[in-house]
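> what's the 3D shape of this:
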Amino acid sequence: MRRSALILVACGIGLGGLAVDQLVKLASVAFLTPGVPVPIVGDLLQLQLIRNPGAAFGMGSSATIVFTILAMVATLACLFVVLPRVTRMWQAVVAGLFLAGITGNLVDRIFQPPAALHGHVIDMFSLRGFAIFNVADICITVAAGIVIGWSLFADRAEAKARKAAAR
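Below you'll find the model as predicted:
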């Protein structure tokens with residue numbers, strides 16, 4: 001597949017993921033009441049609106065501006081370092097998912113209260129005993145999972161291909 005087509009795939013996934021993330025956040029703010037969980041799968045998975053000033057698991061709640069700057073740098077790195085190097089479909093999917101996740105939370109940090117660049121990220125999916133997260137977080141986690149999976153199994157696939165070619 002041509003690199004330009006792969007970049008379009010990545011950008012499409014990035015923009016689509018960003019749109020879904022922001023729509024879910026808008027609906028959550030409009031229809032959920034903070035502190036009032038709504039069961040989806042009993043108490044295992046619930047909708048619960050929170051505004052997170054920090055990173056995963058609420059860590060770094062006093063460093064919101066740092067996370068905003070890191071997200072800006074990560075977005076620029078994805079656009080200007082990663083995307084030009086995409087050569088395979090799985091790389092385009094990963095880049096798109098990372099872009100969706102990073103920009104989804106970055107939009108919150110820029111535009112949500114309490115202030116520009118200090119905004120709190122809107123989270124709404126509560127998994128009992130784990131964390132409260134959003135669509136952007138899911139995109140980042142899936143992208144990381146693909147990278148880990150690819151790194152674990154790519155060597156096996158390449159070894160099989162070399163073995164088959166040697167026959």
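> so how many other residues sit close to residue 74?
18 (other CB atoms under 10 Å). Heads up, the C-betas are built off the backbone N, CA and C, glycines and all.
> Which other helices and strands does the longest helix along the chain contact?
Looking across the chain with DSSP state H, the single longest helix is helix 135-166. Helices and strands touching helix 135-166, by 3 or more CB pairs under 8 Å, 6 or more residues apart in numbering; DSSP states H and E, are helix 3-31, helix 89-111, strand 121-127.
> how about low-confidence regions in this structure?
For the chain, no stretch has pLDDT under 70.
> what residue is smack in the middle of it?
For the chain, the residue nearest the mean C-alpha position is residue 101 (2.4 Å; CA atoms, centre = their mean).
> Residue 143 versus that residue, what's the distance?
Using CB to CB, to the nearest Å, residue 101 is found at 7 Å from residue 143.
> about what we covered before: quick check: buried residues in the longest helix of the chain?
Neighbour counts over helix 135-166 (16 or more other CB atoms under 10 Å) mark 135-140, 142-143, 146 as buried.
> Let me know the closest of the residues you listed to residue 55.
residue 137 (10.0 Å; CB to CB).
> and the residue nearest to the centre of the chain, how far is that from residue 1?
23 Å.
> what do you get for residue 167?
28 Å.
> neighbour count winner among those two?
Applying other CB under 10 Å to residue 167 and residue 1 shows that residue 1 carries more neighbours, namely 11 against 4.
> for the more buried one, what are its contacts?
residue 89 (CB atoms under 8 Å, 6 or more residues apart in numbering).
> what do you get for residue 74?
Neighbours of residue 74 in contact, by CB under 8 Å, 6+ apart: 98, 102.
> Determine the three-state secondary structure at residue 34.
What DSSP: H, G, I helix; E, B strand; the rest coil gives for residue 34 is coil.
> Pretty sure it sits against residue 50.
Yes - assessed by CB atoms under 8 Å, residue 34 is found in contact with residue 50 at 6.7 Å.
> The two: who's more crowded?
Between residue 34 and residue 50, counted using other CB under 10 Å, residue 50 has the larger neighbour count: 18 against 9.
> Pull the contacting residues for the more buried one.
So residue 50 contacts 34, 122-124, 132 (CB under 8 Å, 6+ apart).
> let's see it at 6 Å
By CB atoms under 6 Å, 6 or more residues apart in numbering, the contact set of residue 50 is 123, 132.
> Kindly report the same for the one 5 residues further on.
Applying CB under 6 Å, 6+ apart, we find residue 55 in contact with residue 67.
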